[in-house]
Structure formats: structure tokens, C-alpha cells
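Undergrad: Here is my input; please provide its structure:
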Amino acid sequence: QVQLVESGGGLVQTGDSLRLSCTASGRSFANYAMGWFRQAPGKEREFVARITWSGGSTYYRDSVKGRFTISRDNAKNTVTLQMNNLKPEDTAVYYCAQARGQRGGDSWDQYEYWGQGTQVTVSS
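TA: Below is the predicted model of the structure:
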């Protein structure tokens, strides 16, 4: 059974930074793409960023490009999301997800396993 455990959320002010981490266990981490999604109250879950199995390619939603960076350490089974210059519209529960394959995608149904989520709140 795959387990994903996120950490690093919190309450920050506009312009601050946060670093989210996700540690995976249960199957060969290096064989699968990883992604971060978020869900704000009353809104659908949306794609934030993803990274392919080797870390060679990364993808972001337009609103976070230049502010967020996704990375992975396959030796430590971890994926991180560095979030800089945070804005109130970034407020959401952030979820780590493991894809069904090596590349992943921007749709939630391309991911097989999910973490429990971590709250990020950005005050103005």
C-alpha cells in the first residue's frame, strides 16, 4: 500500500515563502511521476505542478510559474514544492499525488495515490 505524507503547510503573509514536502512509501518511488494539486473552499481540485519520474521535466499551472518550483529526491523518496511570493489566491489545501506512470499529467484522474493534504493560508 502506497502512503504519501505531506508536511510544511501553514499560515503566512502575502509575499512570504513556504516549502511543502511529501514522503512516499510502498512502491518504487523513482518509477512514477509526482504531482501537487490544491483545493480551495468551494472550488474543484486543481493541478499545481508535476515532475516526471527522473526529475527531467517539470510542468506548472500558469498562475504559479516563476513562483513555485517542484523537485524530487529519488534516493529519499521525497518530492517538494517550494512556493515563493505567495498570494492570497494560493490559499488552499495542497495535496501530493503519485501518478499511474512515469510522466503523469494535469488531470487528477492520472494519479493513483494521494496524501492527506496540508493547509496553506496566505493572508493579505
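Undergrad: who touches the residue most central in space within the chain in this structure?
TA: Centroid-nearest residue in the chain, with Cα atoms, centre = their mean: residue 36, separated by 2.2 Å. Going by Cβ atoms under 8 Å, 6 or more residues apart in numbering, residue 36 touches 20, 22, 48, 49, 50, 70, 79, 81, 94, 95, 96, 97. Every residue, glycine included, has its C-beta placed from N, CA and C.
Undergrad: Among those, name the ones in strands.
TA: Assigned to strands by DSSP state E, the following of those qualify: 20, 22, 48, 49, 50, 70, 79, 81, 94, 95, 96, 97.
Undergrad: and the last one, how far is that from residue 106?
TA: Relative to residue 106, residue 97 is positioned 11 Å away (criterion: Cβ to Cβ, to the nearest Å).
Undergrad: more crowded one of those two?
TA: More crowded of residue 97 and residue 106, by other Cβ atoms under 10 Å: residue 97, with 24 against 15.
Undergrad: For residue 66, see how far away that one is.
TA: 23 Å.
Undergrad: what residue ranges in the protein score low on pLDDT?
TA: In the predicted model of the chain, no residue satisfies pLDDT under 70.
Undergrad: where along it do the strands fall?
TA: Under DSSP E, the chain gives strands at 3-7, 10-13, 18-25, 34-39, 46-51, 58-60, 68-73, 78-83, 92-99, 111-114, 118-123.
Undergrad: Residue 124 versus the residue nearest to the centre of the chain, what's the distance?
TA: In terms of Cβ to Cβ, residue 36 sits 23 Å off from residue 124.
Undergrad: Spatially nearest residue to residue 121 (excluding sequence neighbours)?
TA: Take residue 121 and drop its neighbours on the chain: the residue closest to it by Cβ to Cβ, 6 or more residues apart in numbering is residue 11, 4.6 Å away.
Undergrad: How many residues are close by the one you found?
TA: For residue 11, the count of nearby residues is 12 (other Cβ under 10 Å).
Undergrad: next one: residue 44
TA: Number of residues near residue 44 (other Cβ under 10 Å) recorded here: 8.
Undergrad: That one and residue 92, how far apart?
TA: Residue 44 sits 11 Å away from residue 92, going by Cβ to Cβ.
Undergrad: For stretch 43-56, buried residues please.
TA: By neighbour count on 16 or more other Cβ atoms under 10 Å, the buried set for stretch 43-56 is 45, 47, 48, 49, 50, 51, 52, 53, 55.
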